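> Here is my input, please return the structure:
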Amino acid sequence: MAKIKKPKTILLVSGLSGAGKSTALRTLEDMGWEVVDNLPLLLLDRLLDAPLPAGTEDVGRPLALGIDSRTRGFDAAGIVKRIKKLRTAEGYDVGTLFLDCGGAELERRYSETRRRHPLAQDRPAADGIARERELTEPLRRWADHVIDTTNLSPNSLQQEIRSRFGLGKVTEPALTVLSFGFARGVPRNADLVFDMRFLRNPHWDPELRPLTGLDPAVGAHIAADPSYEGIVAQIEQLLLTLLPRYHEEGKAYVTIAFGCTGGRHRSVHVAERVAQSLRQAGFSPTVSHRNLESAPLDALENRPKDEDDAAG
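The predicted structure is shown next:
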């Protein structure tokens, strides 16, 4: 039977309620940490002895434990004692993060969210904040990292967590380049949407209509539009400027959508070209063509004006 591989790195995340523990744990999870919140310390040994999640057995995935005053059996002094044992007797690399915040700011946050403080269900939030500060003071004194979130936005806190607890590798957003047809609905999950309906429409060429934007003849037809090269190049440059900023902001997923009327020709061709440009720039996009297999329908397409005149 294979020996269970335990996590070598453990980060204990604690602090005052409302100071940003949930944001910190979500950020750590996005960075590749295994995250367990509000685990009673009595179950810690059982957690450490459990097999690692599938696919992480050989990686030594670090573990972040969220513990605060709501945790069953919370005892700050006992937690400090347990941390010392994990470090000295059991050989774990244990770090501690404490999230602090000014009392007035915590009161404001509870007032805005209309939530009750967990230690002041029937009293003013200020009473619960003072009580919790007293309970958690041993953890704050012992903590390796203390982050005061009084003047930090959630986004700023995410950046601070990424800066301090990155795993030594660049975690790029999961990038998707999508083509679609406006006539069949705009994708809900798109972060950026570009409308390609200004380009020449291959649908009205009888030889090109059965083909798609993946076919060279269709690509050549679209690229012959005088507006094509200049505008698509500007879009590519815009994306090369925006994507690093999304990464800095900690965005986990970015979907770039290109639409035309039916989603079979212009959007498909441009999505393929832009994806290739992004690959050459060092990105790894996934390409998806939502309406590529949809049937071509005249009723969905905008007939060119010159053809309307000819028909009249």
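
> Please name the nearest non-neighbouring residue to the residue nearest the centre of the chain.
Centroid-nearest residue in the chain, with C-alpha atoms, centre = their mean: residue 252, separated by 2.2 Å. Leaving aside its sequence neighbours, residue 252 sits nearest to residue 30 (C-beta to C-beta, 6 or more residues apart in numbering; 5.2 Å). C-beta: built from backbone N, CA, C; applies to glycine.

> Quickly note the distance from residue 143 to residue 97.
As judged by C-beta to C-beta, to the nearest Å, residue 143 and residue 97 stand 6 Å apart.

> Between those two, which contacts overlap?
Counting by C-beta atoms under 8 Å, 6 or more residues apart in numbering, the common neighbours of residue 143 and residue 97 are residue 14.

> which residues in the stretch 51-200 of the chain form strands?
63-66, 93-100, 145-148, 174-181, 192-195 (DSSP state E, counting those that start in this stretch).

> So for residue 48, which of these sits nearest?
strand 63-66 (8.0 Å; C-beta to C-beta).

> how about the closest one: buried residues?
Within strand 63-66, the residues that count as buried by 16 or more other C-beta atoms under 10 Å are 63-66.

> Ok, stretch 154-163 next?
Buried-residue list, stretch 154-163, by 16+ other C-beta under 10 Å: 157-162.

> Export the strand or helix carrying residue 48 to CSV, keeping only CA atoms.
Here residue 48 is covered by helix 44-49, with elements defined by DSSP states H and E. What follows is helix 44-49 as a C-alpha-only set of coordinates in CSV (Å, rounded to 0.1, in the frame of the first residue of the first chain):
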residue,chain,number,x,y,z
LEU,A,44,-6.7,18.3,12.3
ASP,A,45,-4.8,15.0,12.7
ARG,A,46,-7.5,13.1,10.7
LEU,A,47,-7.3,15.7,8.0
LEU,A,48,-3.5,15.5,7.7
ASP,A,49,-3.6,11.7,7.6
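
> Determine the set of other helices and strands touching that helix.
Applying 3 or more C-beta pairs under 8 Å, 6 or more residues apart in numbering; DSSP states H and E, we find helix 44-49 packed against strand 63-66.

> if we go to 10 Å?
Counting contacts by 3 or more C-beta pairs under 10 Å, 6 or more residues apart in numbering; DSSP states H and E, helix 44-49 packs against strand 34-37, strand 63-66, helix 76-88.

> Look at the residue nearest to residue 252 and say how many residues are nearby.
Here the number of neighbours of residue 30 (other C-beta atoms under 10 Å) works out to 18.

> Looks like it contacts residue 247 (just checking).
No. Assessed by C-beta atoms under 10 Å, residue 30 is found out of contact with residue 247, at 11.8 Å.

> picking that back up, select, out of the strands of the stretch 51-200 of the chain, the one closest to residue 18.
Smallest distance to residue 18 across those (C-beta to C-beta): 9.3 Å, for strand 93-100.

> Could you list the low-pLDDT ranges of the stretch 51-200 of the chain?
Flagging of the stretch 51-200 of the chain using pLDDT under 70 yields the residue ranges 51-60, 89, 167-172.
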